[in-house]
Structures are given as structure tokens and as C-alpha cells.
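Student: this one's sequence-less:
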């Protein structure tokens, strides 16, 4: 694949694919792709930060990064990685959720695992799909847009299946689909309401479940307390606002639904190990 692959643009819909390596990280980490949804195909030996969590790739890996997420690729090698970038007009996972069922898992996932490790069989299939998209971008006829969208959906569907296998462990196979759907729904609700709803009881009301039932479901899936996951989503947004906005710490606290900025400061410090002001100084560097 070439790093000068053309972009498909049609009626506000846009998708492109680029290759990159250690020589072109500045371009990938710049502002060019910040406002796009990104699917990144990374070989072993890369290090990158997604939403302030550091990952080292021991094997080929897919990363899924939404428009509002922080991405920084620190180290790479001479083996090319590939980045598909597209806007919501080209493919919106919320609108097409019944097709791919990835919202709340690959994207908008409060468990903060935006990656899928690729074993040999999946690696070959994903490599072929990236190649197919590249070929269509070069060819570009009237059917190319729908062909590319079909290939993109296949990548997302395959990755969603692998994400479930790799991250939702359950010793009761008959329950796994129902429990996974619950987790995905909970994750999506938190991503929608985290600024107004801060407790498990708030989400229990939305799901018509008792708070204890939610905690038990998380325990079955081997996950941490749901209350901590809600706090993690709030703190993640606070970090993004500290990096990308000029809001004061007090204004960020109000933005996230805390009328007492001192209480927000305590929660942030407890969860991140740093005060908001210290974190902002360090990340701005």
C-alpha cells in the first residue's frame, strides 16, 4: 500500500487510508486526523497512547480511536502501520449499530480497551481487507464507496468478535451473549449520560434493574465495580478537556456535573494520582 493513497469524497462523506512508520509519526500525531474516526492496523514493536493509557504491541494489533479521543504514537519501526480515517457521514456506528454491534465495545467503551490483538487467521483476513480498501481507493468507480463501506464493516465485525473473546471472559457459555449485551448497553448509557448521572443507581433506573443486579453482572464478567467505571469515564473526559480546551479546572468540574469543584479535585486526584493542575501542566508539555 502506498502512503499517498487517494481519499474518497462524496456528498460530505470522506474516507482515506495512509501508511506510516517511524519516519512519519509527526504527520500521524498532528492535527490532520484528530477529527476523524480512526481504525489503525499496527505491527509488533510500536508504542502508543490512547486516551492517556500506554500500549506496547507485542503482535499485530487493531486500534479503534474515536473523534474525541487522545492519540499519540511514541515509538515505531520501519515496518509500516496503516490508518483508515473516515467521518460520521461515511459510516456512523450508532446509526448502523444493528449491523456491526461495536458501539460500547470497540468505540465508546468505558472499559478503556480500544484494541484487538490479531492472531494468524484474523491477521490474514484483516490484511486482505485493508488491501481491498486500498485497491478501491485507487480504482474509484461508482460502486467504490459501497464496496469500501462493506470492507470497513467486515473489519469492524471481525474485530468486535475478537474483542469479546479477548476481554469478556465468562465460565457460563449460555449466558455470555446476554451478559455481553448488558455490558455494551451499560457502556453506551454511561458514555451518553456521564455528565449528569454519577451513580450506579442512576443507571439502574435507566436499565430497570436494581443497583445490586448491575454489580453482580459486572462480577460475572470479571470486571471492576461499575461505580468505578462511571468515575473513570468522568475523569477521562476531564483529562481530554484539560488537554484540548481552555476551560479552568473549576469550569471543567461544572461541565462534568460537579457543583463543588473541591470534591471534583479530590476524585480526580484519587483516580489519577495527580491533582488536576499538575496533570494539566504535564500533559500540555
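Tutor: Yep, it's here. Note that the structure is a prediction, hence the values are computed from the model and not measured.
Student: only C-alpha atoms from now on, for both contacts and neighbour counts.
Tutor: Fine.
Student: show me what the helix or strand that contains residue 151 is in contact with.
Tutor: Element membership for residue 151, per DSSP states H and E: helix 144-167. Outside helix 144-167, the residues that touch it by C-alpha atoms under 8 Å, 6 or more residues apart in numbering are 8, 62, 90-91, 100-102, 105-106, 115-117, 122, 126, 129-130, 132-133, 136-137, 180.
Student: if we go to 7 Å?
Tutor: Outside helix 144-167, the residues that touch it by C-alpha atoms under 7 Å, 6 or more residues apart in numbering are 100, 102, 106, 116, 126, 129, 133, 136.
Student: the residues you listed in strands, which ones?
Tutor: The members of the contacts of helix 144-167 that map onto strands under DSSP state E are residue 116.
Student: residue 94 in helix, strand or coil?
Tutor: coil (DSSP: H, G, I helix; E, B strand; the rest coil).
Student: find the nearest non-adjacent residue to it, please.
Tutor: Spatial nearest neighbour of residue 94, excluding adjacent residues (C-alpha to C-alpha, 6 or more residues apart in numbering): residue 103 at 6.6 Å.
Student: nearest to residue 18 among the contacts of helix 144-167?
Tutor: Ranked by distance to residue 18 (C-alpha to C-alpha), the contacts of helix 144-167 are led by residue 133 at 11.0 Å.
Student: any idea how far the closest one is from residue 211?
Tutor: With distances taken as C-alpha to C-alpha, to the nearest Å, residue 133 is found 45 Å from residue 211.
Student: the two: which has the busier surroundings?
Tutor: Using other C-alpha atoms under 10 Å as the criterion, residue 133 and residue 211 rank with residue 133 on top: 24 against 18.
Student: how about the more buried one, what does it touch?
Tutor: 148, 151.
Student: can you map out the strands along the chain?
Tutor: 8-10, 13-20, 37-42, 47-50, 53-56, 61-65, 71-75, 81-86, 115-117.
Student: on that earlier part again, so the residue nearest to residue 94 sits against residue 95, correct?
Tutor: No. Contact criterion C-alpha atoms under 7 Å: residue 103 and residue 95 do not qualify, at 9.9 Å.
Student: how close does residue 257 sit to residue 231?
Tutor: Using C-alpha to C-alpha, residue 257 is found at 12 Å from residue 231.
Student: where exactly do the helices run in the stretch 151-285 of the chain?
Tutor: Using DSSP state H, counting those that start in this stretch, the helices of the stretch 151-285 of the chain run over 176-193, 200-207, 211-220, 226-244, 249-255, 261-272, 276-284.
Student: what comes up buried for the fifth one?
Tutor: So the one you mean is helix 249-255. Within helix 249-255, the residues scored as buried using 16 or more other C-alpha atoms under 10 Å are 249-250, 252-253, 255.
Student: could I get those as a markdown table with pLDDT and distance to residue 266?
Tutor: Shown next, in a markdown table, are the buried residues of helix 249-255 (pLDDT from 0 to 100; distance: C-alpha to C-alpha, whole Å):
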| residue | pLDDT | distance to residue 266 |
| --- | --- | --- |
| 249 | 97 | 12 |
| 250 | 97 | 13 |
| 252 | 97 | 14 |
| 253 | 97 | 11 |
| 255 | 97 | 16 |
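Student: what is the most widely separated pair among those?
Tutor: Checking the buried residues of helix 249-255 with C-alpha to C-alpha, the most distant pair is 249 and 255, at 9.7 Å.
Student: the bottom helix or strand of the chain by mean pLDDT?
Tutor: In the chain, no helix or strand scores lower on mean pLDDT, DSSP states H and E than helix 97-100, which sits at a mean of 68.
Student: okay, now residue 217: neighbour count?
Tutor: Residues lying near residue 217 (other C-alpha under 10 Å) number 17.
Student: again with residue 135
Tutor: Using other C-alpha under 10 Å: residue 135 sits among 15 other residues.
Student: and if you look at residue 220?
Tutor: By other C-alpha under 10 Å, the residues close to residue 220 number 17.
Student: tell me the pLDDT at it?
Tutor: Residue 220 carries a pLDDT value of 78.
Student: just residue 4 next, same as before
Tutor: As predicted, residue 4 sits at a pLDDT of 54.
Student: the one 4 residues further on now?
Tutor: pLDDT, residue 8: 92.
Student: show me what contacts it?
Tutor: Residue 8 makes contacts with 14-16, 137, as judged by C-alpha under 7 Å, 6+ apart.
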